[in-house]
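1. quick one, what's the 3D model for this:
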Amino acid sequence: MQDNSLAGLNAFDRWLGYLENTNALEQPDPFYSYHASKYLAETRSLIWFAVRDGKYDLTGENKADILLLLQEEVAAACQCQNEVLCSHGEHNSSCDEGVFSRLAPDEAELILIICGLEKALLEYTPIVPSTLK
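-> This is a model prediction of the structure:
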């Protein structure tokens with residue numbers, strides 16, 4: 001099986017690596033960070049609902065731990081979206097030229113938090129998406 005560096009935890013490493021190499025991004029790269037954060041918030045919210053509704057065979061303690069991790073990840077992903085938008089003076093999803101011309105101040109820190117939460121979720125194999133394994 002070939003390693004896909006655009007999936008799973010490798011994707012977070014590439015995302016962070018790119019952000020660490022530049023402070024001035026060409027449009028639309030930060031817009032991609034916004035969409036990645038939005039995707040994570042939406043997919044992890046769906047997993048949260050599935051865990052809450054008992055779609056996975058989990059103990060009460062594991063269920064509570066997973067719900068908390070997912071809730072924290074959704075909050076961090078939403079905050080990352082807001083950082084990208086607010087740092088560019090936009091409060092909507094417009095991608096006009098020049099709107100996304102620099103890195104949001106806390107974007108890399110939030111991506112690190114999200115990545116750490118993804119790693120913590122790996123301990124709970126019943127809910128780990130196949131792309132994270």
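2. now the helix ranked longest in the chain: buried residues?
-> Secondary structure assigned by DSSP state H gives helix 60-86 as the longest helix of the chain. The neighbour-count check on helix 60-86 (16 or more other Cβ atoms under 10 Å) flags 62-63, 65-67, 69-70, 72-85 as buried. Heads up, the C-betas are built off the backbone N, CA and C, glycines and all.
3. swap in stretch 41-49?
-> Of the residues in stretch 41-49, those buried (16+ other Cβ under 10 Å) are 41, 44-45, 47-48.
4. state the distance from S45 to L16.
-> 23 Å (Cβ to Cβ, to the nearest Å).
5. also T59?
-> For T59, the distance to L16 - Cβ to Cβ - is 33 Å.
6. got the CA positions of the helix or strand containing A11 in PDB?
-> According to DSSP states H and E, A11 maps onto helix 8-20. Extracted C-alpha coordinates of helix 8-20, given in PDB (Å, rounded to 0.1, in the frame of the first residue of the first chain):
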ATOM      1  CA  GLY A   8      -4.400  11.300   7.700                       C
ATOM      2  CA  LEU A   9      -1.900  12.700  10.100                       C
ATOM      3  CA  ASN A  10       0.600  13.200   7.200                       C
ATOM      4  CA  ALA A  11      -1.700  15.900   5.800                       C
ATOM      5  CA  PHE A  12      -1.400  17.900   9.100                       C
ATOM      6  CA  ASP A  13       2.400  17.700   8.900                       C
ATOM      7  CA  ARG A  14       2.400  19.000   5.300                       C
ATOM      8  CA  TRP A  15      -0.100  21.700   6.300                       C
ATOM      9  CA  LEU A  16       2.100  22.800   9.200                       C
ATOM     10  CA  GLY A  17       5.300  22.500   7.300                       C
ATOM     11  CA  TYR A  18       4.000  24.800   4.500                       C
ATOM     12  CA  LEU A  19       2.800  27.400   7.000                       C
ATOM     13  CA  GLU A  20       6.200  27.300   8.900                       C
END
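7. and after it, which helix or strand comes next?
-> Downstream of helix 8-20, the next assigned helix or strand under DSSP H and E is helix 29-52.
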